[in-house]
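Need a 3D model of the following:
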Amino acid sequence: MIEVKHLRTLSVLRDTGSLTSTATQLCLTQSALSHQLKDLEVRIGSPLFLRKTRPVRFTAEGQVLLALADDVLPRLARAETDLAALKEDAQGRLHMAIECHSCFQWLMPALKEYKVSWPLVTLDFSSGFGFEPLPALAGGELDVVITSDIAQRSEIHYEALFDFEMRLVLADTHPLANKKSISPEDLANETLLTYPVQRQRMDVIKHFLQPAGIEPAQFKSADNTLMLIQMVTAGLGVAALPNWAISEFSRQGLVVDRPLGKGLWRRLYAAVRSQEASRPYLTAFFATARTQCHTHLIGIKKV
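Model prediction:
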């Protein structure tokens, strides 16, 4: 019965105080404006304002509709703004850096599921190992960084995904396989097999060995988890890997794994720019990643 255009017309008429100014502001002819107002008065069965008064004086019925306009029009404007933002977000960009090689194991299935609902979001990747990703994130070169390390910066928001345990992976014939848990001193004479990551950014170094003042005898690197596992089984060294990344290899008896100390638990985050953390396409990515991980990864904890 009452349309948005009627509410806008009455609001402008109140603001301008005259039919002529209202017609001009609404880009209507005087005839079209008069016809619209007369049609509304017929619909409600009562005049809305007193003719030939300057400024226009509204009747009680007109005041009711003006109150409705004051309530509805701002809410409608906000909704239009939100819809425009959603449309923009639907065509957003996720340029990601992953600081965890093994994260690709769950990230690829999560992104495949994510793209079903957000097909217009552009995906791209940087390894995150050859440069400092957080400054690139803050500067707009990246949009998401998957990391377990927090560097407190006001412009960066860290969205927690899940908790996981770093465990030492060994061949079943390795002497340390007889221990229930591993101390930092146990690794002093070992070859530590790692991904090609800067040593100061490795969890096992930063949060386990370094506080104890221990340095492994030697480092060797491999590009992916399967290669690290093969090197471990060949007796080329030991590796510290996330529990969920090694669960299947341990289940098959290819390797054994032991806790580091009383358990080296870490939290994985998706870091984004603070001002963009509530964007729908980003919150949808967070939700999809959590669901995918908690459904398919063994040994992790919800946060």
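
Next one, pLDDT for the closest residue to residue 46 other than its chain neighbours please.
Closest residue to residue 46 apart from its sequence neighbours, by C-beta to C-beta, 6 or more residues apart in numbering: residue 61 at 4.5 Å. All C-beta spots, glycine's among them, are computed from the backbone N, C-alpha and C. pLDDT for residue 61: 91.

is it true that residue 61 touches residue 49?
No - the criterion here is C-beta atoms under 8 Å, and residue 61 misses it with residue 49 at 9.2 Å.

if you count what's nearby, which of the two comes out ahead?
residue 49 (20 against 16; other C-beta atoms under 10 Å).

just checking, the more buried one touches residue 58?
Yes - assessed by C-beta under 8 Å, residue 49 is found in contact with residue 58 at 4.7 Å.

Give me the longest strand you can find in the protein.
The residue-count maximum for a strand in the chain (DSSP state E) belongs to strand 256-273.

after it, next one along is what?
helix 280-296 (DSSP states H and E).

Where does pLDDT dip in the stretch 51-200 of the chain?
For the stretch 51-200 of the chain, the stretches with pLDDT under 70 are 81-91, 127-131.

could you redo the last one with a cut-off of 50?
128-129 (pLDDT under 50).

for it, what spans make up the strands?
Counting by DSSP state E, counting those that start in this stretch, the stretch 51-200 of the chain has strands at residues 57-58, 93-98, 122-126, 144-147, 156-170, 191-194.

out of these, which comes closest to residue 245?
strand 156-170 (8.6 Å; C-beta to C-beta).

Quick check: which helices or strands does that closest one pack against?
Helices and strands touching strand 156-170, as assessed by 3 or more C-beta pairs under 8 Å, 6 or more residues apart in numbering; DSSP states H and E, comprise helix 133-138, helix 225-233, strand 238-242, helix 243-251, strand 256-273, helix 280-296.

what's the burial count for the nearest residue to residue 29 once chain neighbours are set aside?
Computed as C-beta to C-beta, 6+ apart, the closest residue to residue 29 that is not its neighbour in sequence is residue 23, at 6.5 Å. Residue 23: 21 surrounding residues under other C-beta under 10 Å.

how about residue 23, what does it touch?
29, 30, 32, 33 (C-beta atoms under 8 Å, 6 or more residues apart in numbering).

Likewise for residue 66?
10, 11, 14, 58.

Let me know the closest of the residues you listed to residue 258.
Nearest member of the contacts of residue 66 to residue 258, counting by C-beta to C-beta, is residue 11, at 71.9 Å.

Pull the contacting residues for the closest one.
Taking C-beta under 8 Å, 6+ apart, one finds 66, 69, 70, 73 in contact with residue 11.

which of these count as buried?
The neighbour-count criterion (16 or more other C-beta atoms under 10 Å) marks 66, 69 among the contacts of residue 11 as buried.

taking the contacts of residue 11 one by one, which sit in helices?
Of the positions in the contacts of residue 11, 66, 69, 70, 73 sit in helices, assigned by DSSP state H.

Redo those residues as TSV? Include distance to residue 147.
Shown next, in TSV, are these (distance: C-beta to C-beta, whole Å):
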residue	distance to residue 147
66	54
69	50
70	48
73	45
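
Closest to residue 111 out of those residues?
Distances from residue 111 to those, taken by C-beta to C-beta, are shortest for residue 73, at 40.7 Å.

domain ranges for this protein?
What automatic domain parsing lists as the domains of the chain is 4-89, 95-303.

Deepest in the core, which of those domains is it.
domain 95-303 (a mean of 17; mean count of other C-beta atoms under 10 Å).

Need the distance between the two termini of that domain.
This stretch, domain 95-303, spans 25 Å end to end (C-alpha to C-alpha, to the nearest Å).

start the count at 626, not 1, going forward
In the new numbering, first residue 626, that becomes domain 720-928.

That one: how far from the chain's middle?
18 Å (C-alpha atoms, centre = their mean, to the nearest Å).

wait, doesn't residue 661 sit right on residue 634?
Yes - in this structure, residue 661 is within contact of residue 634 by C-beta under 8 Å, at 6.1 Å.

From residue 681, how far off is the closest residue to residue 637 other than its chain neighbours?
The shortest distance from residue 637 to any non-neighbouring residue, by C-beta to C-beta, 6+ apart, is to residue 647 (5.0 Å). Distance from residue 647 to residue 681, counting by C-beta to C-beta, to the nearest Å: 9 Å.

could you redo the contacts of residue 648 as TSV and give each row distance to residue 670, pLDDT and secondary structure?
Formatted as TSV, the contacts of residue 648 follow (distance: C-beta to C-beta, whole Å; pLDDT from 0 to 100; DSSP: H, G, I helix; E, B strand; the rest coil):
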residue	distance to residue 670	pLDDT	secondary structure
654	26	89	coil
655	24	86	helix
657	22	89	helix
658	20	86	helix
